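Peer 1: Okay, sequence plus prediction incoming.
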Amino acid sequence: MKRVITYGTFDLFHYGHLRMLKRAKALGDYLVVAVSTDEFNAVKGKKCTYPYEHRARIVEAIRFVDEVIPETCWEQKTGDIRKHQIDIFVIGDDWKGQFDFLKPFCEVIYLSRTADISTTQIKDTLKNGKV
Ligand code: C2G
C-alpha cells in the first residue's frame, strides 16, 4: 500500500492540476493532497480567486484523490510524511531540487508540468476578454 502526497494551491482548477494529481496517484495506492490555505498563499505571494474551502472541496471531489489536508506552512512536510505514513512525495518540476531535503523520509519525485496552461494564464485570458 504505497501512500503518496503532493502539495499545491490548485486555484481555478485546470487540466494541468488534474494531470499532476492523476500521475501522482498512479505512483501508488493512496493519494493525500495538501491544499494551501488562503493565509499560506499570502506567504507564498499568491492571491487566490477561489477561497481555500472551495479549492479543497474541488480537489477532494476528484475520484483519484483519497484525502485532502490543509497546507498552512512550508515546514509541515516532514511532519505530514510521518503522520500520514507517506512513501512518495511528488510535485511539479518547477520545484525541482527544492524538496530534496525530504529524501531521508520518503521518495521524492518531480514530474513535468503540463505545458501552456496555468492559473495566471487563465486570469490573463479572462481579463483581456480573449476567451
Ligand atoms: N502544475 C502542473 N502543470 C501546470 C500547472 C501546475 O503540473 N500547468 C502542478 C504544479 O507543478 C504543482 C501542482 O500542479 O505540482 C499545483 O500547482 P500550484 O497550484 O501552482 O501549486 P504551487 O503554488 O506550486 O504550490 O509547498 C508546495 C507548494 O504549496 C506548491
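Peer 2: Done, it's in. Numbering: from 1, shown residues only.

Peer 1: contacting residues around the residue of the chain found nearest the ligand?
Peer 2: Nearest residue of the chain to the ligand, counting by Cβ to the nearest ligand atom: Gly92, 1.7 Å away. (C-beta placed from N, C-alpha, C; glycine too.) Each residue near Gly92 by Cβ atoms under 8 Å, 6 or more residues apart in numbering is listed here: Met20, Tyr110, Leu111, Ser112, Arg113.

Peer 1: What residues does this structure have near the ligand?
Peer 2: Within the chain, the positions near the ligand by Cβ under 6 Å from any ligand atom are 7-10, 16-17, 20, 36, 44, 71, 91-92, 94, 113-114, 117-118.

Peer 1: can you list contacts of stretch 57-64?
Peer 2: Phe10, Phe13, Leu18, Leu21, Lys22, Lys25, Leu31, Val33, Val35, Tyr50, Val65, Val68.

Peer 1: in this structure, which spans are strands?
Peer 2: 3-8, 30-36, 67-71, 88-92, 107-111 (DSSP state E).

Peer 1: give me the low-pLDDT residue ranges for this structure?
Peer 2: Within the chain, the ranges that satisfy pLDDT under 70 run 130-131.

Peer 1: Could you tell me how far the longest helix along the chain lies from the centre of the chain?
Peer 2: If you go by DSSP state H, the chain has its longest helix at helix 15-25. Distance of helix 15-25 from its chain centroid, counting by Cα atoms, centre = their mean, to the nearest Å, is 9 Å.

Peer 1: Can you name every helix or strand that that helix contacts?
Peer 2: strand 3-8, strand 30-36, strand 88-92, strand 107-111 (3 or more Cβ pairs under 8 Å, 6 or more residues apart in numbering; DSSP states H and E).

Peer 1: The third one: which residues count as buried?
Peer 2: Buried residues in strand 88-92, counted by 16 or more other Cβ atoms under 10 Å: Ile88, Phe89, Val90, Ile91, Gly92.
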